[in-house]
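> Here's my sequence, what's the structure:
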Amino acid sequence: MPLSFSQAQQRFRHLITQPTLNLAAAALCPAQEMYPDCDPAVCYQQLDHMAAAIKPNISTYPLKTIQAINHQLYTELGFRGNQIDYYDPDNSYLNRVLERRVGIPITLALVYLEVAQRLDFPMVGVGMPGHFLICPTIEEMAVYVDPFNRGEVLFEPDCQTIFQGLYGTKAGWKADYLTPISAKSLLARLLNNLKLIYLNRRDLPHTLTILNYLLLLFPQQPGNSRDRGLIHYQLQNLLAARSDLETYLAQSPGAADRHQISRLLDHITENL
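Sure, this is the predicted structure:
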């Protein structure tokens, strides 16, 4: 782990240890590092106002409540999926999604989940490969909501069609793809999106920041220790690189790249 944590990382570390994880608060921690003027209270207020506008229209019928949420978010407020610049990092920061009303499936899902929570309409994330969905936690109601596509209501065959549209008609579908995921897993998926975006841009400092969060969330994931160690090495943070790469080898004794990482560690030690 880094020798010192930023204030946002300290707050994140506290939040993820709570019995009930405040998803919005946790998602705003990395946003505050990228946008120091980000005020979580303003974001919460925006979500509160959305829910307040919907509240008079909620129903005892779940599908009517979903319809009311959809009308407010997509018709009245104009939230939409970013089809033009999907890999813009701003699509993955909750504050920017609320400001611009544009996002990707997982951040639009986060907005939807936060609004639904304020309406006492419990919903959970569904981590289908390639396309994040949400669903109500109501027994005997196997419907899914696609927040990227204006809250379209889906059934399992619809989800399978989306999946095979992404991966090909021969891709094997599993009903388990529609299993609800934990709040921590949702955060990890959001952070992994950002990690890949920054890696593809060769933006090492921002990749490093996101890896700090991933390792706070799941410290036992050796691949992230390796990746952070390699980035530290490229940034010439040799002590930190050595620590992370040694952790990686300790956690992955049978790693396929063990020999290469061991040689790199020898090189680092020679240069310290």
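
> Can you name every helix or strand that the longest helix seen in the chain contacts?
Once the chain is assigned using DSSP state H, the helix that runs over the most residues is helix 183-200. Counting contacts by 3 or more C-beta pairs under 8 Å, 6 or more residues apart in numbering; DSSP states H and E, helix 183-200 packs against helix 23-34, helix 105-118, strand 123-126, helix 204-217. Just so you know, the C-beta spots here come from the backbone N, C-alpha and C atoms, and that holds for glycine as well.

> Measure how the helix or strand following the last one sits relative to helix 183-200, angle-wise.
Pointing back at helix 204-217 there. As assigned by DSSP states H and E, the chain's next helix or strand after helix 204-217 is helix 222-234. Here helix 222-234 points in a direction 30 degrees away from that of helix 183-200 (axes from the mean of the first three to the mean of the last three C-alpha atoms, to 10 degrees).

> hmm, back to that, how about the helices and strands packed on helix 183-200 in TSV, adding distance to T65 and mean neighbour count?
Listed next are those as TSV, based on distance: least, C-beta to C-beta, whole Å; neighbours: other C-beta atoms under 10 Å:
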stretch	distance to T65	mean neighbour count
helix 23-34	20	22
helix 105-118	8	23
strand 123-126	10	22
helix 204-217	31	20
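
> S185: which of the ones you listed is closest?
strand 123-126 (7.7 Å; C-beta to C-beta).

> same for the helix or strand following that closest one, what does it pack against?
The helix or strand immediately downstream of strand 123-126 is strand 133-136, counting by DSSP H and E. Here strand 133-136 touches helix 105-118, strand 123-126, strand 144-146, going by 3+ C-beta pairs under 8 Å, 6+ apart.

> hey, C-alpha coordinates of strand 133-136 in PDB?
The C-alpha trace of strand 133-136 is given here as PDB (Å, rounded to 0.1, in the frame of the first residue of the first chain):
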ATOM      1  CA  LEU A 133     -27.800  -3.700 -15.600                       C
ATOM      2  CA  ILE A 134     -29.900  -3.300 -12.400                       C
ATOM      3  CA  CYS A 135     -33.000  -5.100 -11.100                       C
ATOM      4  CA  PRO A 136     -35.600  -4.600  -8.300                       C
END
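
> Now do that strand: everything it contacts.
Residues from elsewhere that reach strand 133-136 (C-beta atoms under 8 Å, 6 or more residues apart in numbering): 62, 66, 105, 109, 112-113, 116, 121-126, 142-147, 154, 159, 178, 180.

> and if you look at stretch 218-233?
Residues from elsewhere that reach stretch 218-233 (C-beta under 8 Å, 6+ apart): 1, 184, 188, 195, 204, 207-208, 211-212, 214-215, 238, 240-245, 247-248, 251-252, 255, 257, 261, 264, 268.

> export the helices and strands packed on strand 133-136 to CSV and tack on mean pLDDT and distance to L47?
Formatted as CSV, those follow (pLDDT from 0 to 100; distance: least, C-beta to C-beta, whole Å):
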stretch, mean pLDDT, distance to L47
helix 105-118, 98, 5
strand 123-126, 96, 14
strand 144-146, 98, 17
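
> Can you lay out the helices and strands packed on helix 183-200 as JSON lines showing distance to G81?
Formatted as JSON lines, those follow (distance: least, C-beta to C-beta, whole Å):
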{"stretch": "helix 23-34", "distance to G81": "18"}
{"stretch": "helix 105-118", "distance to G81": "7"}
{"stretch": "strand 123-126", "distance to G81": "16"}
{"stretch": "helix 204-217", "distance to G81": "22"}
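
> Could you measure from the residue nearest to the spatial centre of the chain over to I210?
The residue lying closest to the centre of the chain (C-alpha atoms, centre = their mean) is L190, at 1.5 Å. To I210, L190 is 10 Å away according to C-beta to C-beta, to the nearest Å.

> how long is stretch 17-25 end to end?
Across stretch 17-25, the terminal residues are separated by 13 Å (C-alpha to C-alpha, to the nearest Å).

> do stretch 145-154 as well
End-to-end span of stretch 145-154 (C-alpha to C-alpha): 6 Å.
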